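> fold the following and give me the result.
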Amino acid sequence: MQEDVNSWALLIEFIKADYYQTFGKVISFSGFMKAYFRSVGGFKFSVWLRIVRFFYLQDKKLLCTISKLIYKHYMIKYGIEILYTARIGKGLVIHHFGGITFGIESMGENCSVRPGVV
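Below you'll find the predicted structure:
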């Protein structure tokens, strides 16, 4: 069974792995900020997917609700629908946005998601 984002250290590790798979570089603070604010929505969505999943597993209702609002905003904005309840391994890459829907319970590590995937 694969790991899940059930601690702060694992949350950061998952986001680092997503960054590395997306951009091919080891993450730095400035690199993260550039990727988050300048990149197209796939990486930004995956960050919030991880954050919501973390608070969901920690049973932090208020923080989960607040982060869910941001997650849903990006879900609608970028047309990506991946449930935060799904267990997704490290290294998630969403190459394009729009027309991506997953109704899954789990997904392995180093997955690349392309447009038109259902």
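> residue 51 reaches residue 71, doesn't it?
Yes: look at residue 51 against residue 71 with C-beta atoms under 8 Å: they come within range, at 7.4 Å. For glycine as for every other residue, the C-beta is placed from the backbone atoms N, C-alpha and C.
> and the helix or strand encompassing residue 16, what's buried?
Following DSSP states H and E, one finds residue 16 within helix 8-23. Buried residues in helix 8-23, counted by 16 or more other C-beta atoms under 10 Å: 10-11, 14-15, 17-23.
> want to throw the residues you listed into JSON lines with pLDDT and distance to residue 108?
As requested, the buried residues of helix 8-23 are exported to JSON lines (pLDDT from 0 to 100; distance: C-beta to C-beta, whole Å):
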{"residue": "10", "pLDDT": "94", "distance to residue 108": "16"}
{"residue": "11", "pLDDT": "95", "distance to residue 108": "19"}
{"residue": "14", "pLDDT": "95", "distance to residue 108": "13"}
{"residue": "15", "pLDDT": "94", "distance to residue 108": "17"}
{"residue": "17", "pLDDT": "94", "distance to residue 108": "12"}
{"residue": "18", "pLDDT": "93", "distance to residue 108": "14"}
{"residue": "19", "pLDDT": "93", "distance to residue 108": "18"}
{"residue": "20", "pLDDT": "94", "distance to residue 108": "16"}
{"residue": "21", "pLDDT": "93", "distance to residue 108": "12"}
{"residue": "22", "pLDDT": "89", "distance to residue 108": "17"}
{"residue": "23", "pLDDT": "89", "distance to residue 108": "20"}
